[in-house]
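Visitor: the sequence and its predicted three-dimensional model are supplied below.
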Amino acid sequence: MKKRDMVIAGYAETPVGFKTGRSAYDLAGEALDQLLERTGLDKREIDGLSVTTALSEAQNPFFAVYMTEALGLTPTWLNYGGIGGCSATGGVARAMSAIRDGMCTLAVVMSADAPSSDWRSNYGAYRGEFQDPPGVQGPPASFGLLMSRYIHQYGLDPRALGKIAVTQRAHALHNPNALKKFQKPLSMEEYMESRVIADPLRMLDSVMFCDGANAFIVTSEANAKRLGLKNMVYPVAYGEVTNFNGADPLADITETGFGKIGPEVLRRAELAPKDVRMFQPYDDFTIAVMMQFEAFGFCERGQGSAYTLRTDLSFEGELPLNTGGGQISAGQPGLASGGLNLAEAVRQMFGEGGTRQVKDARNALVTGIGVIPYGRNWGTSSAMVLEA
Ligand SMILES: CC(=O)CC(=O)SCCNC(=O)CCNC(=O)[C@H](O)C(C)(C)COP(=O)(O)OP(=O)(O)OC[C@H]1O[C@@H](n2cnc3c(N)ncnc32)[C@H](O)[C@@H]1OP(=O)(O)O
(Lines give C-alpha, C1' and ligand atoms only; values in the text may rest on other atoms or scores of the structure.)
Protein backbone atom coordinates (compact mmCIF):
# COMPACT_ATOMS: atom_id res chain seq x y z
CA MET A 1 0.00 0.00 0.00
CA LYS A 2 1.35 3.42 -0.81
CA LYS A 3 2.25 5.79 2.02
CA ARG A 4 2.05 9.58 1.71
CA ASP A 5 3.42 10.69 5.08
CA MET A 6 7.01 11.60 4.08
CA VAL A 7 8.22 14.14 1.54
CA ILE A 8 11.26 15.31 -0.36
CA ALA A 9 10.97 19.03 0.31
CA GLY A 10 14.06 20.38 -1.41
CA TYR A 11 16.87 19.46 -3.80
CA ALA A 12 20.19 20.96 -4.80
CA GLU A 13 22.72 20.09 -7.46
CA THR A 14 26.12 21.50 -8.39
CA PRO A 15 27.14 21.66 -12.04
CA VAL A 16 28.95 18.50 -13.21
CA GLY A 17 32.62 19.22 -13.94
CA PHE A 18 35.68 17.31 -15.14
CA LYS A 19 38.90 17.46 -13.12
CA THR A 20 37.61 20.36 -11.04
CA GLY A 21 40.38 19.93 -8.46
CA ARG A 22 37.72 20.14 -5.76
CA SER A 23 37.08 17.67 -2.92
CA ALA A 24 33.85 15.84 -2.08
CA TYR A 25 33.57 18.00 1.06
CA ASP A 26 33.87 21.20 -0.95
CA LEU A 27 31.23 20.08 -3.45
CA ALA A 28 28.94 18.93 -0.62
CA GLY A 29 29.29 22.35 1.00
CA GLU A 30 28.13 24.01 -2.21
CA ALA A 31 25.15 21.63 -2.45
CA LEU A 32 24.15 22.28 1.19
CA ASP A 33 24.40 26.07 0.76
CA GLN A 34 22.20 25.83 -2.31
CA LEU A 35 19.70 23.62 -0.47
CA LEU A 36 19.40 26.10 2.41
CA GLU A 37 19.12 29.05 0.06
CA ARG A 38 16.44 27.44 -2.12
CA THR A 39 14.29 26.38 0.83
CA GLY A 40 15.03 29.19 3.31
CA LEU A 41 15.56 26.44 5.87
CA ASP A 42 17.47 27.12 9.10
CA LYS A 43 20.46 24.72 9.18
CA ARG A 44 19.70 23.93 12.84
CA GLU A 45 16.58 22.05 11.71
CA ILE A 46 18.79 19.33 10.16
CA ASP A 47 19.17 16.42 12.61
CA GLY A 48 19.72 13.56 10.17
CA LEU A 49 22.33 12.95 7.46
CA SER A 50 22.87 10.24 4.88
CA VAL A 51 26.25 10.38 3.13
CA THR A 52 26.97 8.43 -0.03
CA THR A 53 30.30 6.59 -0.16
CA ALA A 54 32.61 8.44 -2.56
CA LEU A 55 35.24 6.98 -4.89
CA SER A 56 37.42 9.97 -4.07
CA GLU A 57 37.16 9.20 -0.31
CA ALA A 58 36.84 5.42 -0.55
CA GLN A 59 39.87 4.68 1.59
CA ASN A 60 38.47 6.80 4.41
CA PRO A 61 36.27 4.73 6.76
CA PHE A 62 35.20 7.91 8.59
CA PHE A 63 34.06 9.90 5.56
CA ALA A 64 30.50 10.35 6.82
CA VAL A 65 31.61 11.61 10.24
CA TYR A 66 34.16 13.97 8.67
CA MET A 67 31.34 15.16 6.41
CA THR A 68 29.27 16.25 9.44
CA GLU A 69 32.30 18.26 10.56
CA ALA A 70 32.79 19.80 7.11
CA LEU A 71 29.11 20.76 6.87
CA GLY A 72 28.78 21.92 10.48
CA LEU A 73 25.98 19.45 11.28
CA THR A 74 25.23 17.51 14.48
CA PRO A 75 22.91 14.69 13.41
CA THR A 76 21.21 12.24 15.77
CA TRP A 77 20.93 9.85 12.80
CA LEU A 78 23.85 9.25 10.42
CA ASN A 79 23.76 6.80 7.53
CA TYR A 80 26.71 5.84 5.31
CA GLY A 81 25.35 4.79 1.93
CA GLY A 82 27.51 2.11 0.32
CA ILE A 83 25.25 0.87 -2.46
CA GLY A 84 26.88 2.93 -5.21
CA GLY A 85 24.39 4.45 -7.62
CA CYS A 86 21.48 3.34 -5.38
CA SER A 87 22.72 5.37 -2.42
CA ALA A 88 20.65 8.50 -3.16
CA THR A 89 17.26 6.81 -3.52
CA GLY A 90 18.33 4.30 -0.84
CA GLY A 91 19.35 7.21 1.40
CA VAL A 92 15.92 8.83 0.97
CA ALA A 93 14.19 5.53 1.82
CA ARG A 94 16.39 4.96 4.89
CA ALA A 95 15.85 8.56 6.04
CA MET A 96 12.07 8.06 5.81
CA SER A 97 12.33 4.94 8.00
CA ALA A 98 14.56 6.75 10.51
CA ILE A 99 12.09 9.64 10.71
CA ARG A 100 9.17 7.24 11.17
CA ASP A 101 11.19 5.60 13.99
CA GLY A 102 11.82 8.95 15.69
CA MET A 103 15.60 8.91 15.19
CA CYS A 104 15.54 12.32 13.52
CA THR A 105 12.97 14.74 12.11
CA LEU A 106 14.64 16.29 9.06
CA ALA A 107 17.39 14.58 7.13
CA VAL A 108 19.67 15.66 4.32
CA VAL A 109 20.65 12.99 1.81
CA MET A 110 24.05 14.10 0.52
CA SER A 111 26.00 12.63 -2.38
CA ALA A 112 29.28 14.26 -3.39
CA ASP A 113 32.23 12.79 -5.25
CA ALA A 114 35.20 13.90 -7.31
CA PRO A 115 36.77 10.83 -8.94
CA SER A 116 37.99 12.69 -12.01
CA SER A 117 40.11 14.84 -9.67
CA ASP A 118 41.07 12.26 -7.06
CA TRP A 119 40.62 8.50 -7.53
CA ARG A 120 41.16 6.56 -4.29
CA SER A 121 39.19 3.38 -4.77
CA ASN A 122 40.18 -0.30 -4.83
CA TYR A 123 37.25 -2.64 -5.38
CA GLY A 124 38.93 -5.85 -4.23
CA ALA A 125 36.69 -8.90 -3.60
CA TYR A 126 36.45 -11.26 -6.61
CA ARG A 127 37.31 -8.56 -9.08
CA GLY A 128 41.02 -8.39 -8.38
CA GLU A 129 41.33 -12.18 -8.40
CA PHE A 130 39.17 -13.30 -11.33
CA GLN A 131 38.11 -10.28 -13.36
CA ASP A 132 40.97 -7.84 -13.63
CA PRO A 133 43.69 -10.36 -14.68
CA PRO A 134 41.96 -11.39 -17.97
CA GLY A 135 41.39 -7.71 -18.74
CA VAL A 136 37.79 -7.13 -17.66
CA GLN A 137 38.98 -4.10 -15.79
CA GLY A 138 35.93 -1.99 -15.26
CA PRO A 139 32.24 -1.51 -15.80
CA PRO A 140 32.48 -0.84 -19.58
CA ALA A 141 34.01 -4.31 -20.08
CA SER A 142 31.36 -5.94 -17.87
CA PHE A 143 28.59 -4.21 -19.78
CA GLY A 144 30.19 -5.20 -23.10
CA LEU A 145 29.86 -8.84 -21.96
CA LEU A 146 26.28 -8.22 -20.79
CA MET A 147 25.42 -6.68 -24.17
CA SER A 148 26.91 -9.68 -25.98
CA ARG A 149 24.74 -12.02 -23.95
CA TYR A 150 21.65 -9.88 -24.52
CA ILE A 151 22.33 -9.90 -28.29
CA HIS A 152 22.79 -13.68 -28.21
CA GLN A 153 19.44 -14.20 -26.46
CA TYR A 154 17.26 -11.48 -27.99
CA GLY A 155 19.03 -9.56 -30.72
CA LEU A 156 19.64 -5.83 -30.51
CA ASP A 157 19.30 -2.96 -32.94
CA PRO A 158 22.21 -0.57 -32.18
CA ARG A 159 20.09 2.36 -33.41
CA ALA A 160 17.86 1.82 -30.38
CA LEU A 161 20.78 2.42 -28.01
CA GLY A 162 21.77 5.29 -30.29
CA LYS A 163 18.31 6.78 -29.87
CA ILE A 164 18.71 6.70 -26.06
CA ALA A 165 22.09 8.47 -26.33
CA VAL A 166 20.84 11.04 -28.87
CA THR A 167 17.61 11.78 -26.96
CA GLN A 168 19.43 12.23 -23.67
CA ARG A 169 22.02 14.48 -25.33
CA ALA A 170 19.20 16.64 -26.68
CA HIS A 171 17.93 16.95 -23.10
CA ALA A 172 21.40 17.89 -21.80
CA LEU A 173 21.37 20.92 -24.12
CA HIS A 174 18.61 22.33 -21.87
CA ASN A 175 20.53 21.55 -18.66
CA PRO A 176 22.99 24.23 -17.55
CA ASN A 177 24.37 21.82 -14.91
CA ALA A 178 25.39 19.27 -17.56
CA LEU A 179 29.09 18.88 -18.30
CA LYS A 180 29.98 21.74 -20.69
CA LYS A 181 31.67 19.32 -23.11
CA PHE A 182 28.35 17.46 -23.55
CA GLN A 183 26.32 20.60 -24.21
CA LYS A 184 26.50 20.12 -27.96
CA PRO A 185 24.09 18.12 -30.14
CA LEU A 186 24.75 14.49 -30.97
CA SER A 187 23.56 12.80 -34.17
CA MET A 188 22.78 9.15 -34.80
CA GLU A 189 25.70 9.08 -37.28
CA GLU A 190 28.10 10.31 -34.59
CA TYR A 191 26.78 7.67 -32.21
CA MET A 192 27.19 4.88 -34.79
CA GLU A 193 30.74 6.05 -35.55
CA SER A 194 31.75 6.34 -31.91
CA ARG A 195 34.70 4.21 -30.81
CA VAL A 196 33.93 0.61 -29.73
CA ILE A 197 35.55 0.33 -26.30
CA ALA A 198 34.32 -3.11 -25.15
CA ASP A 199 32.86 -4.88 -28.17
CA PRO A 200 29.97 -4.35 -28.89
CA LEU A 201 29.74 -1.39 -26.49
CA ARG A 202 30.58 2.06 -27.90
CA MET A 203 32.03 4.96 -25.94
CA LEU A 204 28.76 6.86 -26.33
CA ASP A 205 26.93 3.95 -24.65
CA SER A 206 28.93 4.73 -21.51
CA VAL A 207 29.18 7.39 -18.84
CA MET A 208 32.33 9.38 -18.16
CA PHE A 209 33.59 9.91 -14.59
CA CYS A 210 33.31 13.56 -13.48
CA ASP A 211 32.90 15.53 -10.22
CA GLY A 212 29.74 16.91 -8.61
CA ALA A 213 27.26 16.82 -5.74
CA ASN A 214 23.54 16.72 -5.04
CA ALA A 215 21.43 16.86 -1.91
CA PHE A 216 17.83 16.38 -0.79
CA ILE A 217 15.71 17.31 2.22
CA VAL A 218 13.60 14.47 3.61
CA THR A 219 11.06 15.05 6.36
CA SER A 220 7.46 14.30 7.28
CA GLU A 221 4.75 16.17 5.43
CA ALA A 222 3.63 17.64 8.76
CA ASN A 223 7.10 18.96 9.57
CA ALA A 224 7.56 20.37 6.05
CA LYS A 225 4.29 22.28 6.47
CA ARG A 226 5.31 23.47 9.94
CA LEU A 227 8.55 24.83 8.47
CA GLY A 228 6.66 26.56 5.66
CA LEU A 229 8.43 24.54 2.96
CA LYS A 230 6.48 25.22 -0.21
CA ASN A 231 7.56 22.51 -2.64
CA MET A 232 7.25 18.84 -1.85
CA VAL A 233 6.93 15.47 -3.57
CA TYR A 234 5.90 12.19 -1.96
CA PRO A 235 8.09 9.08 -2.33
CA VAL A 236 5.13 6.66 -2.31
CA ALA A 237 6.89 3.38 -3.09
CA TYR A 238 10.45 2.09 -2.88
CA GLY A 239 12.07 -1.25 -3.62
CA GLU A 240 15.65 -2.45 -3.42
CA VAL A 241 17.43 -5.76 -3.90
CA THR A 242 21.10 -6.69 -3.59
CA ASN A 243 22.91 -9.72 -5.06
CA PHE A 244 19.89 -10.74 -7.12
CA ASN A 245 20.02 -14.43 -8.10
CA GLY A 246 23.04 -14.63 -5.81
CA ALA A 247 22.56 -18.28 -4.89
CA ASP A 248 22.52 -19.34 -8.55
CA PRO A 249 26.11 -20.01 -9.71
CA LEU A 250 25.10 -19.83 -13.37
CA ALA A 251 22.49 -17.09 -13.30
CA ASP A 252 21.20 -15.60 -16.56
CA ILE A 253 22.87 -12.17 -16.48
CA THR A 254 20.13 -10.67 -18.64
CA GLU A 255 17.80 -11.15 -15.64
CA THR A 256 18.21 -8.24 -13.24
CA GLY A 257 16.99 -7.18 -9.81
CA PHE A 258 14.56 -4.84 -11.57
CA GLY A 259 12.63 -7.89 -12.78
CA LYS A 260 11.89 -8.57 -9.10
CA ILE A 261 11.36 -5.08 -7.65
CA GLY A 262 10.10 -3.20 -10.73
CA PRO A 263 6.57 -4.61 -11.05
CA GLU A 264 6.26 -4.66 -7.24
CA VAL A 265 7.15 -0.98 -6.86
CA LEU A 266 4.66 0.03 -9.56
CA ARG A 267 1.99 -2.14 -7.93
CA ARG A 268 2.59 -0.49 -4.55
CA ALA A 269 2.38 2.94 -6.18
CA GLU A 270 -0.86 1.80 -7.85
CA LEU A 271 0.52 2.62 -11.29
CA ALA A 272 0.63 0.71 -14.55
CA PRO A 273 3.63 1.42 -16.82
CA LYS A 274 1.36 3.54 -19.08
CA ASP A 275 0.61 5.85 -16.10
CA VAL A 276 4.29 6.73 -15.54
CA ARG A 277 4.70 10.40 -16.54
CA MET A 278 8.50 10.40 -16.67
CA PHE A 279 11.22 7.81 -16.40
CA GLN A 280 14.50 8.90 -14.81
CA PRO A 281 16.42 5.58 -14.81
CA TYR A 282 19.99 5.06 -13.71
CA ASP A 283 21.93 5.15 -16.97
CA ASP A 284 25.52 4.11 -16.51
CA PHE A 285 25.18 2.40 -19.91
CA THR A 286 22.47 2.65 -22.59
CA ILE A 287 21.81 -1.10 -22.48
CA ALA A 288 20.87 -0.74 -18.78
CA VAL A 289 18.18 1.77 -19.75
CA MET A 290 16.77 -0.57 -22.38
CA MET A 291 16.77 -3.52 -19.97
CA GLN A 292 14.83 -1.39 -17.49
CA PHE A 293 12.12 -0.64 -20.10
CA GLU A 294 11.63 -4.39 -20.21
CA ALA A 295 11.88 -5.09 -16.49
CA PHE A 296 9.32 -2.44 -15.51
CA GLY A 297 6.87 -3.73 -18.12
CA PHE A 298 6.98 -0.86 -20.64
CA CYS A 299 7.52 -3.71 -23.11
CA GLU A 300 8.09 -7.47 -23.13
CA ARG A 301 11.48 -8.95 -22.27
CA GLY A 302 13.71 -8.92 -25.36
CA GLN A 303 11.52 -6.30 -27.09
CA GLY A 304 13.57 -3.30 -25.88
CA SER A 305 14.92 -2.33 -29.32
CA ALA A 306 11.50 -2.17 -30.97
CA TYR A 307 9.97 -0.34 -27.99
CA THR A 308 12.79 2.23 -27.87
CA LEU A 309 12.59 2.89 -31.60
CA ARG A 310 8.81 3.36 -31.67
CA THR A 311 8.46 5.47 -28.49
CA ASP A 312 8.90 9.24 -28.26
CA LEU A 313 11.31 9.55 -25.32
CA SER A 314 11.77 13.32 -25.52
CA PHE A 315 10.69 15.55 -22.64
CA GLU A 316 7.57 16.41 -24.66
CA GLY A 317 6.94 12.81 -25.66
CA GLU A 318 5.05 9.73 -24.56
CA LEU A 319 7.63 8.64 -21.98
CA PRO A 320 10.02 11.50 -21.10
CA LEU A 321 13.42 9.84 -20.46
CA ASN A 322 16.23 11.27 -18.34
CA THR A 323 15.13 14.79 -19.06
CA GLY A 324 18.33 16.39 -17.73
CA GLY A 325 20.49 14.29 -20.07
CA GLY A 326 21.02 11.52 -17.54
CA GLN A 327 24.55 10.66 -16.53
CA ILE A 328 25.47 9.65 -20.06
CA SER A 329 24.98 13.19 -21.31
CA ALA A 330 25.34 15.31 -18.16
CA GLY A 331 28.43 13.44 -16.92
CA GLN A 332 28.67 10.93 -14.07
CA PRO A 333 29.67 12.64 -10.81
CA GLY A 334 31.24 9.46 -9.41
CA LEU A 335 29.04 7.73 -6.84
CA ALA A 336 26.93 10.88 -6.49
CA SER A 337 25.49 9.56 -9.76
CA GLY A 338 22.28 8.15 -8.29
CA GLY A 339 21.24 11.62 -7.14
CA LEU A 340 21.47 13.12 -10.62
CA ASN A 341 18.37 11.40 -11.94
CA LEU A 342 16.54 11.86 -8.63
CA ALA A 343 17.29 15.61 -8.64
CA GLU A 344 15.92 15.86 -12.18
CA ALA A 345 12.70 14.09 -11.19
CA VAL A 346 12.18 16.38 -8.18
CA ARG A 347 13.04 19.48 -10.24
CA GLN A 348 10.49 18.52 -12.89
CA MET A 349 7.82 17.82 -10.28
CA PHE A 350 8.49 21.20 -8.61
CA GLY A 351 7.79 22.72 -12.07
CA GLU A 352 11.39 23.98 -12.35
CA GLY A 353 12.31 22.11 -15.55
CA GLY A 354 12.67 25.36 -17.53
CA THR A 355 12.88 24.80 -21.28
CA ARG A 356 12.74 21.03 -20.75
CA GLN A 357 9.70 21.06 -18.44
CA VAL A 358 7.56 17.90 -18.70
CA LYS A 359 3.84 18.66 -18.97
CA ASP A 360 1.65 17.17 -16.25
CA ALA A 361 4.65 16.10 -14.14
CA ARG A 362 2.44 14.38 -11.57
CA ASN A 363 4.68 11.37 -10.98
CA ALA A 364 8.13 10.00 -11.74
CA LEU A 365 9.86 6.65 -11.69
CA VAL A 366 13.50 6.94 -10.55
CA THR A 367 15.95 4.05 -10.35
CA GLY A 368 19.43 3.22 -9.13
CA ILE A 369 22.08 0.70 -10.11
CA GLY A 370 24.85 0.09 -7.64
CA VAL A 371 28.20 -1.67 -7.82
CA ILE A 372 29.43 -3.84 -10.70
CA PRO A 373 30.50 -7.21 -9.24
CA TYR A 374 32.16 -10.21 -10.80
CA GLY A 375 30.20 -12.23 -13.36
CA ARG A 376 26.82 -10.55 -12.72
CA ASN A 377 25.02 -7.53 -14.12
CA TRP A 378 25.01 -5.27 -11.07
CA GLY A 379 25.02 -5.56 -7.30
CA THR A 380 22.02 -3.51 -6.18
CA SER A 381 18.87 -2.37 -8.00
CA SER A 382 16.60 0.29 -6.50
CA ALA A 383 13.42 1.97 -7.68
CA MET A 384 11.34 4.80 -6.24
CA VAL A 385 8.04 6.30 -7.36
CA LEU A 386 7.48 9.97 -6.57
CA GLU A 387 4.03 11.52 -6.61
CA ALA A 388 3.01 15.18 -6.56
C1 LIG B 1 28.98 3.31 -9.73
C2 LIG B 1 27.88 2.35 -9.66
O3 LIG B 1 27.40 2.06 -8.56
C4 LIG B 1 27.37 1.76 -10.91
C5 LIG B 1 27.93 2.43 -12.13
O6 LIG B 1 27.61 3.56 -12.41
S7 LIG B 1 29.00 1.58 -13.09
C8 LIG B 1 29.76 2.83 -14.12
C9 LIG B 1 30.85 3.56 -13.42
N10 LIG B 1 31.52 4.44 -14.34
C11 LIG B 1 32.51 4.04 -15.16
O12 LIG B 1 32.93 2.91 -15.11
C13 LIG B 1 33.07 5.06 -16.13
C14 LIG B 1 33.14 4.45 -17.50
N15 LIG B 1 33.89 5.28 -18.44
C16 LIG B 1 35.20 5.12 -18.70
O17 LIG B 1 35.85 4.27 -18.10
C18 LIG B 1 35.86 6.00 -19.74
O19 LIG B 1 35.13 7.22 -19.86
C20 LIG B 1 35.89 5.32 -21.14
C21 LIG B 1 36.54 3.94 -21.01
C22 LIG B 1 34.50 5.19 -21.71
C23 LIG B 1 36.74 6.19 -22.09
O24 LIG B 1 38.00 6.32 -21.50
P25 LIG B 1 39.31 6.47 -22.43
O26 LIG B 1 39.24 5.49 -23.56
O27 LIG B 1 40.48 6.41 -21.52
O28 LIG B 1 39.11 7.86 -23.05
P29 LIG B 1 39.84 9.19 -22.60
O30 LIG B 1 41.25 9.14 -23.11
O31 LIG B 1 39.64 9.42 -21.13
O32 LIG B 1 39.02 10.29 -23.38
C33 LIG B 1 39.09 10.43 -24.79
C34 LIG B 1 38.10 11.50 -25.18
O35 LIG B 1 36.76 10.99 -25.07
C36 LIG B 1 36.01 11.72 -24.09
N37 LIG B 1 35.24 10.73 -23.34
C38 LIG B 1 35.70 9.83 -22.46
N39 LIG B 1 34.70 9.05 -22.01
C40 LIG B 1 33.58 9.49 -22.61
C41 LIG B 1 32.22 9.08 -22.55
N42 LIG B 1 31.83 8.05 -21.76
N43 LIG B 1 31.31 9.72 -23.32
C44 LIG B 1 31.71 10.76 -24.13
N45 LIG B 1 32.99 11.20 -24.23
C46 LIG B 1 33.91 10.56 -23.47
C47 LIG B 1 37.04 12.45 -23.26
O48 LIG B 1 36.52 13.65 -22.74
C49 LIG B 1 38.14 12.72 -24.28
O50 LIG B 1 37.78 13.80 -25.07
P51 LIG B 1 38.93 14.78 -25.69
O52 LIG B 1 39.75 13.94 -26.61
O53 LIG B 1 38.12 15.83 -26.39
O54 LIG B 1 39.68 15.29 -24.51
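Guide: Yep, it's here. Numbering: from 1, shown residues only.

Visitor: CA only for contacts and neighbour counts going forward, please
Guide: Fine.

Visitor: what parts of this structure come near the ligand?
Guide: Residues of the chain lying close to the ligand (C-alpha under 6 Å from any ligand atom) are 84-85, 138-140, 203-204, 206-209, 284, 335, 369-372.

Visitor: which of those count as buried?
Guide: 84-85, 139-140, 203-204, 206-209, 284, 335, 369-372 (16 or more other C-alpha atoms under 10 Å).

Visitor: how about the contacts made by the residue nearest the centre of the chain?
Guide: Nearest to the centroid of the C-alpha atoms of the chain, with distances taken as C-alpha atoms, centre = their mean, sits residue 338, at 2.6 Å. Neighbouring residues of residue 338 by C-alpha atoms under 8 Å, 6 or more residues apart in numbering: 84-89, 282, 367-369.

Visitor: let's go with 10 Å and repeat that
Guide: Going by C-alpha atoms under 10 Å, 6 or more residues apart in numbering, residue 338 touches 52, 83-90, 111, 214, 281-284, 326-327, 332, 366-370, 382.

Visitor: I'd say residue 62 and residue 80 touch.
Guide: Yes: Residue 62 is in contact with residue 80 according to C-alpha atoms under 10 Å; the separation is 9.3 Å.

Visitor: the more surrounded of these two?
Guide: Using other C-alpha atoms under 10 Å, the more surrounded residue of residue 62 and residue 80 is residue 80, with 19 against 11.

Visitor: next, the more buried one: secondary structure please.
Guide: When classified by DSSP: H, G, I helix; E, B strand; the rest coil, residue 80 comes out as strand.

Visitor: look up which residues are beta-bridged to it.
Guide: Listed by DSSP bridges, the beta-bridge partners for residue 80 are residue 51.

Visitor: poorly predicted segments of the protein, please.
Guide: For the chain, not a single residue meets the criterion pLDDT under 70.

Visitor: tell me the domain boundaries of it?
Guide: What the TED database lists as the domains of the chain is 6-118+210-227, 129-207+234-387.

Visitor: returning to that earlier point: show me which of the contacts of residue 338 are buried.
Guide: So, of the contacts of residue 338, 52, 83-90, 111, 214, 281-284, 326-327, 332, 366-370, 382 end up buried under the neighbour-count rule (16+ other C-alpha under 10 Å).

Visitor: in this structure residue 113 contacts residue 333, no?
Guide: Yes: here residue 113 reaches residue 333: they are 6.1 Å apart, a contact under C-alpha under 10 Å.

Visitor: show me where the stretch 101-250 of the chain has helices.
Guide: For the stretch 101-250 of the chain, the helices defined by DSSP state H, counting those that start in this stretch cover 125-126, 139-154, 158-172, 188-193, 221-226.

Visitor: done for today, thanks.
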